[in-house]
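1. The sequence and its predicted three-dimensional model are supplied below.
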Amino acid sequence: MMTPKMKEDFCTQILGASRQLFLSGRISEICREKGTQKQLEFLLELLQAELTFRDENRRKRLIKRAGFPTYKTFEEYSYHCVKFPPVFSREELETLEFVPGKKNLVLYGPVGIGKTHMAIAAGVKACNLGYKTKFYTVTELVLKLAESRKNGTLERLLRDLRSLDLLILDEWGYVPVDKDGAQLLFRVISDSYESKYNGLIN
């Protein structure tokens, strides 16, 4: 037999799920008035399944839009070549504490030690946590900025970049950038300062 407390708990959870799905609070009211235990259990299971489905689809969309050249995770990463500074730990990296903290992260070292893998793994984790993320090589971004300026869409692109939670720039310093490209790139970095994380891979 369903007690009043059990019914209230069900209705509270149903109301919370309904709000996340942008449904009317009337659903919860009807549940309080007429819902049986089995009906409430079924409805709550249905709403939670829809939330899980939408969440999974959102993560997939974020990963697709991020533009990663390949899919990498921290589970696949070997840290044997990595040295963390005293003020930053592996746990802070893997939990992405620096993203809401609006901190920049610079990865540097010789070719072949896994800087790009680490950056992509951070980006994938960010997408799974619901952060809007974008991956570019520096050359790719500079060319995109130059093309957008030529087409008159530069400000729109800059707005899109500012709306990101996480911007990852790979192959920093590998390819020469002309003066105009450097100025455009500097503007992106300047706009991003203290508003999002920039992964600068050297």
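-> Structure's in. What do you need?
2. just how off-centre is stretch 12-27 within its chain?
-> Once both centres are worked out by C-alpha atoms, centre = their mean, to the nearest Å, stretch 12-27 turns out to sit 25 Å from its chain's centre.
3. Grab the CA positions of it and hand them over as CSV.
-> The C-alpha trace of stretch 12-27 is given here as CSV (Å, rounded to 0.1, in the frame of the first residue of the first chain):
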residue,chain,number,x,y,z
THR,A,12,8.0,15.5,-6.2
GLN,A,13,10.3,13.4,-8.5
ILE,A,14,7.7,13.6,-11.3
LEU,A,15,7.4,17.3,-11.0
GLY,A,16,11.2,17.7,-11.2
ALA,A,17,11.4,15.5,-14.3
SER,A,18,8.5,17.3,-15.9
ARG,A,19,10.2,20.7,-15.4
GLN,A,20,13.5,19.4,-16.9
LEU,A,21,11.4,18.3,-19.9
PHE,A,22,9.6,21.7,-20.0
LEU,A,23,6.2,20.0,-19.3
SER,A,24,3.4,21.5,-17.3
GLY,A,25,3.3,21.2,-13.5
ARG,A,26,-0.3,20.1,-14.0
ILE,A,27,1.1,16.5,-14.4
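4. Name the residues that touch stretch 73-91?
-> Stretch 73-91 has contacts (C-beta atoms under 8 Å, 6 or more residues apart in numbering) with 93-94, 97-98, 105, 109, 113-114, 117-118, 121-122, 124-125. No exception for glycine: its C-beta is placed from N, CA and C like everyone else's.
5. Pull out the buried positions in it.
-> residue 77 (16 or more other C-beta atoms under 10 Å).
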